[in-house]
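What shape does this take:
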Amino acid sequence: MNSPVTNKHVVIAIPVLFVGGTEIQTLNLVTVLKSGGYQVSVCCYYEYDDSMVEEVQAAGAHVMLMKLNREDGLVNLFKKLRHLFSELNPDIVHVQYIAPGLVPIVAAKVAGVKTVFATVHQPGRTYGWRAKFLLRTAARLCNAFFCNSRAVEESWFGNSAVLEPGTLLCKRKHYTIYNSIDLQEIGESVAGVNREELKRSLGISGKKVVGVVGRLREEKGQTVLLDAMVEVLKVIPEVMLVVVGNGPDREKLQQKAHSLGTADHVLWLGQRTPKEVFRLYAIMDIVAVPSLFEGFGLSAAEAMATGVPVVATRVDGLAEVVEDGTSGYLVHVGDSKELAGAITDLLLNPKKAKAMGQSGYGRVKENFSTDLFREVTISTYGYCT
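This is a model prediction of the structure:
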């Protein structure tokens, strides 16, 4: 890894700062860049959550909340960002490519920023030709364009290559850099948890726990999981589904649980900070990730980092994170029966579940650790600047 760099200023541009996978990776990027001696600012142009802003600030970044109104349009966003980048004159702008991803890239180039990176976190298969055209145009404008899994890269560009430390970027314009998991932080958070005491405080003592973590939105597949739990409860009545996260579909999902007659077996914990989420993994016997599409699958990797086996859908980046039959199970998208069968199998076979959890930890350590992410990121930044 390159020696720490000083007096280099990086601006990370992102539309929103909520508690989600992209924001968690933004937090990890801040931490890694600070460890490399970079000055880091995070520019959020639209909505934000106070708790995530505090997390990013605590990691050492200066956070700029532009508080722009989406209804003012993209031209206004471009003008505001161009002015900001011109005023700050950063060495690097790194754009988290969430719509409108092309605008901040163009603004940075017009403002004269010499080095522009971008990272896309969602697979392109759910988008049309226009979105792909815009993203590929953005990639041509960047010094390098990153994807958080090979599946994501292939869906946008038709091919993929994992960026290794020291790789010369001149060989190609786009690469895969996997999301990172801080094994030390997660380990310290989980080590301090009294599992039974925490379960007692949540009113679920003596229950098997299936956990699901993430935004409550249709694409996350929680409705399929609720259907699956009906079948699981027929075999193992003492199971609780613990739902961590919030989102626009919460009320609809709660109504579905009532209509299925499983409301008493679902605990809705709402949005939690990353550290609180790590502690909650300690009470989960299994983590389910039933997403309809998923760029990487952060909750799957986090669960594996705590030694918890994962049952996930065989889609996109999730199929790269979870090794089917070794660190968990992969099931077909939307198949509640298959999902229920996999969950039931692990709940009924704790030795198998434990072995899969141990394997998952090893997989995260080998492929998705913060140390690896730091080495790739710092060497790439150093090479390009």
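
Could you check the pLDDT of G192?
Note for G192: predicted pLDDT of 86.

which non-adjacent residue is nearest it?
R279 (7.6 Å; Cβ to Cβ, 6 or more residues apart in numbering). For glycine as for every other residue, the C-beta is placed from the backbone atoms N, C-alpha and C.

again, but for K256
L226 (5.4 Å).

Please give me every residue in contact with the one you found.
Residues in contact with L226 (Cβ atoms under 8 Å, 6 or more residues apart in numbering) are 241, 253, 256-257, 260, 262, 266.

What segments of the stretch 1-150 of the chain are helices?
With DSSP state H, counting those that start in this stretch as the criterion, the stretch 1-150 of the chain has helices at 21-35, 50-58, 73-88, 102-110, 129-141, 150-157.

Flag every buried residue along the fifth one.
Within helix 129-141, the residues that count as buried by 16 or more other Cβ atoms under 10 Å are 131-132, 134-135, 138-139.

so can I have a markdown table of those showing pLDDT and distance to H94?
Compiled in a markdown table, those are given as follows (pLDDT from 0 to 100; distance: Cβ to Cβ, whole Å):
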| residue | pLDDT | distance to H94 |
| --- | --- | --- |
| A131 | 96 | 20 |
| K132 | 96 | 21 |
| L134 | 97 | 18 |
| L135 | 97 | 16 |
| A138 | 97 | 13 |
| A139 | 97 | 14 |
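
Now the residues you listed in TSV, please, with extra columns for distance to Y97.
Below are the buried residues of helix 129-141 laid out as TSV (distance: Cβ to Cβ, whole Å):
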residue	distance to Y97
A131	11
K132	12
L134	10
L135	7
A138	7
A139	9
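
which parts of the lowest-mean-pLDDT helix or strand in the chain are buried?
In the chain, no helix or strand scores lower on mean pLDDT, DSSP states H and E than helix 370-384, which sits at a mean of 91. With burial defined by 16+ other Cβ under 10 Å, the residues of helix 370-384 counted as buried are 370, 372-382.

Which parts of this structure belong to which domain?
Using automatic domain parsing, the domains assigned to the chain come out as 9-180+369-384, 183-367.

Span of the last one from start to end?
Think domain 183-367. 12 Å (Cα to Cα, to the nearest Å).

and what of the longest one?
One end of domain 9-180+369-384 to the other measures 13 Å (Cα to Cα).

for the longest helix seen in the chain, packing partners?
The residue-count maximum for a helix in the chain (DSSP state H) belongs to helix 350-367. Helices and strands touching helix 350-367, by 3 or more Cβ pairs under 8 Å, 6 or more residues apart in numbering; DSSP states H and E, are helix 298-305, helix 336-348.

Looking at the next helix-or-strand element following the first one now, give me its mean pLDDT.
So that's helix 298-305. Proceeding N to C from helix 298-305, the next assigned helix or strand is strand 310-313, under DSSP states H and E. Averaged across strand 310-313, pLDDT comes to 98.

mind listing what strand 310-313 pairs with, with the direction of each?
Here strand 310-313 has these sheet partners by DSSP bridges: strand 286-289 (parallel), strand 328-331 (parallel).

can you redo these as a markdown table with mean pLDDT and distance to F78?
A markdown table is the format used below for these (pLDDT from 0 to 100; distance: least, Cβ to Cβ, whole Å):
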| stretch | mean pLDDT | distance to F78 |
| --- | --- | --- |
| strand 286-289 | 98 | 36 |
| strand 328-331 | 98 | 42 |
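
Could you identify which of the ones you listed is most buried?
The highest average neighbour count among these, using mean count of other Cβ atoms under 10 Å, belongs to strand 286-289 at a mean of 28.

of the contacts of L226, buried ones?
241, 253, 256-257, 262, 266.

which of these lies closest to V289?
Comparing the buried ones among the contacts of L226 against V289 with Cβ to Cβ places L241 closest, at 13.3 Å.

So in that sheet, which strands flank whichever strand or helix holds the closest one, and in what orientation?
Secondary structure from DSSP H and E places L241 in strand 239-244. When pairing is defined by DSSP bridges, strand 239-244 lines up against strand 208-213 (parallel), strand 266-270 (parallel).

As CSV, those strands with distance to K352 would be great.
Formatted as CSV, the strands paired with strand 239-244 follow (distance: least, Cβ to Cβ, whole Å):
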stretch, distance to K352
strand 208-213, 14
strand 266-270, 25
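
Identify, out of the ones you listed, the most deeply packed stretch.
strand 208-213 (a mean of 24).

Extract the CA atoms of the next helix or strand after the strand holding L241 and return them as PDB.
Once strand 239-244 ends, the next helix or strand along the chain (criterion: DSSP H and E) is helix 250-260. This file holds the C-alpha atoms of helix 250-260, laid out as PDB (Å, rounded to 0.1, in the frame of the first residue of the first chain):
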ATOM      1  CA  ARG A 250     -43.600  -0.300   6.200                       C
ATOM      2  CA  GLU A 251     -47.300   0.200   6.700                       C
ATOM      3  CA  LYS A 252     -48.100  -2.000   3.700                       C
ATOM      4  CA  LEU A 253     -45.900  -4.800   5.100                       C
ATOM      5  CA  GLN A 254     -47.400  -4.500   8.500                       C
ATOM      6  CA  GLN A 255     -50.800  -4.800   7.100                       C
ATOM      7  CA  LYS A 256     -49.700  -7.900   5.100                       C
ATOM      8  CA  ALA A 257     -48.400  -9.500   8.300                       C
ATOM      9  CA  HIS A 258     -51.800  -8.900  10.000                       C
ATOM     10  CA  SER A 259     -53.700 -10.400   7.000                       C
ATOM     11  CA  LEU A 260     -51.400 -13.500   7.100                       C
END
